[in-house]
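[1] Got a predicted structure plus its sequence, pasted below:
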Amino acid sequence: MMKDGEHRRRPVSMSSLRQIAALYHGHWGQLFWAVLWFVIKHAPAYVTPVVTANIINIVTDPAHHTMGEFWINLTVGCLFVAQNVLTAWLHTRAYSGLTRGIEMELRGAMVDKLQHLSVQFHTRTQSGRLLSKVMRDVENVEQMLRSCFGTLVPLATSVTAAVVVTAFNDPRILWLYLLAVPVAGCTVGAFRRPIRRSNRSFRREMEKTQAAVGEMLEMVPVTRAYGLADREAERMNHLLAGVKDSGFRLDTTNSVFGATSWVVFQLFQMICLGFTGSLAYRGIISAGEVVLYQNYFGQIVTAVSGVVNLFPTLARGLESLSSINEIMEADEVEPNGQTPAPAPLRGEVCFEGVAYRYPDAPGPVLRDFTLRVPAGRSVAIVGPSGAGKSTLLSLLMGFIQPDAGRITVDGIDLTEMELKSYRSQLAVVPQNTILFSGTLRDNIAYAAPGVSDEEIWRVIDQIGLRDLVEGLPGGLDASLSEHGGNFSGGQRQRIAIARALIRHPRIVILDEATSALDSASEQLVAQATQRLMGRCTTFMVAHRLSTIRSADHIVVVEDGRVAEQGSYEELMARKGRFYQLKVLQQ
Ligand code: ADP
């Protein structure tokens, strides 16, 4: 995969063009209307030169013309100009509907794909990178489509109008136009490389600085605590100077290109003026025609030189398109079985000789893990750090699949189970409670939308948070700051337990937080946890003695196997691995 800011440069090839065309799939009708309205809205550009030429011819040769002709030309010119308001609106409606629609479809398809990619994929991929693909890359593609339209359609219409009108008037002038295209093309071509290079270096500097600013903001509390604010500011200044330098180079390259192309095109226009002027002097063409050809010539040259601005946007858009394809072509979609989970589940869970190895890990985490948990029982899983406890929970949630052996729930192999119906009866309290910015009500009812306030209050009572919630301004409608920063660790955990309780789950998976809680909070969390246990099958990775004691069954995991199991009393009496672990914790 590419790193951010390290995009591949690719030439615009046939496959790139095919990719761009694929974006318009299903939108060709809209594109047709957008082009049609553009051609009409842009009509003053081709009509006014003709009107101006006619009026000059009329006023310079009154003997052969009438004032009637003068007024007709003027009226036609005015009508063509006036229609621009309406047609510009129609064009924008058609074109904006088209590009915004493509943008929405792209993002929608990405979001859908991300929701179906495995949890493993998400664990491996930085969420910041995915965010940038969904937001920034799609925006780049949209800008590319806009730039292509805004450059190529005017170019095509200007050249067509100029060629048709000139061929009709005096085909001899056509060769001048034909000469203008390679001259403009060569000038653009000569500057393409330096402009692209300086654009790229500017963009890289910007991306580097953006990443550094993000990191700097995250580090503010640490930086402040260590008194390193000045050093950080100095480091940022260094990066900002890089942005300034590359921006300066970009400006000068653009300006040299602007000036050179202006001079080349003006000189060429002078040649055109000289040629048409000499024809007019000899009476071969009229003075009006000199103005007409000058106008058209100017339009062609401007349109061709506009192509240079297309390259950076086109290159960036194509890079973004391939970055988007990294998601769209990812094949790590979560496998899903066909058998719907019985409703309600009894909750009997069996691990039968389960083995699992992480794709990049040297050895297996679990090997021949066997455990039977009868419905409604609570099991505490203990063991040293890295023994594979969280991996067991991931297997049970269906995030990963065993390499050998099988896991059955109510006798159905989990790999054959339809995960949506299974997970609708599952509740998870993860180690790091994930709260989102919204109201307390939204956070508690996240997995049970539409639940009544009475039910929410009932759950709040069960976890002992009534006093706290009633004390909050707004009560249930109180807003949580980002990630629930305005709640303590213990409170956040109890909110997560409430979120699990409100679902009436058949199986609960609890990954106890390892962060130290004071003993009062620990007591409250333990009480809330006990509410969950006893009603349904409960699995918990336990770190606290208070919760271990209340579990029906304790399993000690070591070396990927069950090292010891039994009730708390049995294990303590046996004075084996559990006893040693417990003694170590005290
Ligand atoms: P525990 O919960 O008992 O502390 P885990 O199940 O989290 O243990 O991890 C067991 C082992 O698997 C550890 O050695 C850990 O480094 C490794 N591991 C965990 N997650 C991954 C992963 N996504 N990729 C590779 N190795 C992993």
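    Now that the structure is in, tell me what you want to look at.

[2] can I see the domain layout of the protein?
    6-328, 434-504 (automatic domain parsing).

[3] and those domains, which one is worst for confidence?
    For the domains of the chain, mean pLDDT drops lowest on domain 434-504, to a mean of 82.

[4] tell me the contacts of the residue positioned nearest the centre of the chain?
    Centroid check for the chain by C-alpha atoms, centre = their mean gives residue 134 as the closest residue, at 1.2 Å. By C-beta atoms under 8 Å, 6 or more residues apart in numbering, the contact set of residue 134 is 107, 110, 111, 114. For glycine as for every other residue, the C-beta is placed from the backbone atoms N, C-alpha and C.

[5] As a markdown table, the residues you listed with secondary structure, distance to residue 240 and neighbour count would be great.
    Output for the contacts of residue 134, formatted as a markdown table (DSSP: H, G, I helix; E, B strand; the rest coil; distance: C-beta to C-beta, whole Å; neighbours: other C-beta atoms under 10 Å):
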| residue | secondary structure | distance to residue 240 | neighbour count |
| --- | --- | --- | --- |
| 107 | helix | 32 | 18 |
| 110 | helix | 32 | 19 |
| 111 | helix | 35 | 12 |
| 114 | helix | 34 | 17 |
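
[6] Next to the ligand, which bits of the stretch 101-250 of the chain? Give me the list.
    Contact residues, the stretch 101-250 of the chain versus the ligand (C-beta under 6 Å from any ligand atom): residue 123.

[7] Would you pull up the residue in the stretch 101-250 of the chain closest to the ligand?
    Going by C-beta to the nearest ligand atom, the ligand is nearest to residue 123 of the stretch 101-250 of the chain, at 5.2 Å.

[8] Extract the C-alpha trace of the helix or strand harbouring that residue and format it as PDB.
    Residue 123 belongs to helix 119-124 when elements are defined using DSSP states H and E. Taking Å, rounded to 0.1, in the frame of the first residue of the first chain, the C-alpha atoms of helix 119-124 are listed here in PDB:
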ATOM      1  CA  VAL A 119     -12.400  -6.400  11.500                       C
ATOM      2  CA  GLN A 120      -8.800  -7.600  10.800                       C
ATOM      3  CA  PHE A 121      -8.600  -5.200   7.800                       C
ATOM      4  CA  HIS A 122      -9.700  -2.300  10.100                       C
ATOM      5  CA  THR A 123      -7.300  -3.300  12.800                       C
ATOM      6  CA  ARG A 124      -4.500  -3.200  10.300                       C
END
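
[9] now what about it, what contacts it?
    Here helix 119-124 has contacts from 114, 130, 330, 332, 334, 359, 394, 399, 400, using C-beta under 8 Å, 6+ apart.

[10] Just give me the neighbour total for residue 386.
    Using other C-beta atoms under 10 Å, residue 386 is surrounded by 9 other residues.

[11] what's the distance between residue 446 and residue 498?
    Applying C-beta to C-beta, to the nearest Å, the value for residue 446 to residue 498 is 10 Å.

[12] between these two, who's got more neighbours?
    residue 498 (25 against 17).

[13] Isn't the more buried one up against residue 465?
    Yes - the criterion here is C-beta atoms under 8 Å, and residue 498 meets it with residue 465 at 7.2 Å.

[14] ok now the host helix or strand of residue 91, how far from the chain's centre?
    Assigned by DSSP H and E, residue 91 belongs to helix 84-116. Relative to its chain's centre, helix 84-116 lies at 16 Å (C-alpha atoms, centre = their mean, to the nearest Å).

[15] wait, is the residue nearest to the centre of the chain part of a helix?
    Yes - applying DSSP: H, G, I helix; E, B strand; the rest coil, one finds residue 134 inside a helix.

[16] Distance-wise, check the nearest residue to residue 400 once chain neighbours are set aside relative to residue 324.
    Nearest in space to residue 400, with sequence neighbours left out and distances taken as C-beta to C-beta, 6 or more residues apart in numbering, is residue 394 at 5.1 Å. Between residue 394 and residue 324 the distance is 28 Å, computed by C-beta to C-beta.

[17] How about residue 474?
    40 Å.

[18] cool, and residue 306?
    27 Å.

[19] quick one: which of these two has more around it?
    residue 324 (22 against 18).

[20] Which element, helix or strand, includes that one?
    helix 287-328.

[21] For the helix or strand following that helix, buried residues please.
    Note on helix 287-328: by DSSP H and E, the next helix or strand toward the C-terminus is strand 349-356. Using 16 or more other C-beta atoms under 10 Å as the burial criterion, the residues of strand 349-356 that qualify are 349, 350, 351, 352, 354, 355, 356.

[22] Strand 349-356 close to the ligand?
    No - counting by C-beta under 6 Å from any ligand atom, the ligand is not contacted by strand 349-356; separation bottoms out at 9.0 Å.

[23] Next: stretch 550-560.
    No - residues of stretch 550-560 are not located near the ligand by C-beta under 6 Å from any ligand atom, the shortest gap being 6.8 Å.

[24] Counting neighbours, show which residues of that stretch come out buried.
    Result for stretch 550-560 [16+ other C-beta under 10 Å]: buried residues 550, 551, 552, 553, 554, 555, 556, 557, 560.

[25] Got the phi and psi for the third one?
    In other words, residue 552. phi -70, psi -30 (degrees, to the nearest 10).

[26] How much space separates it from residue 505?
    17 Å.

[27] can you check the fifth one too?
    Taking C-beta to C-beta as the measure, residue 554 and residue 505 are separated by 22 Å.

[28] What segments of the stretch 151-300 of the chain are helices?
    Ranges of helices in the stretch 151-300 of the chain, per DSSP state H, counting those that start in this stretch, are 174-225, 229-281, 287-328.

[29] Highest mean neighbour count out of those?
    helix 287-328 (a mean of 20; mean count of other C-beta atoms under 10 Å).

[30] Quick one: work out the angle between that helix and helix 229-281.
    Relative orientation of helix 287-328 and helix 229-281, computed by axes from the mean of the first three to the mean of the last three C-alpha atoms, to 10 degrees: 150 degrees.
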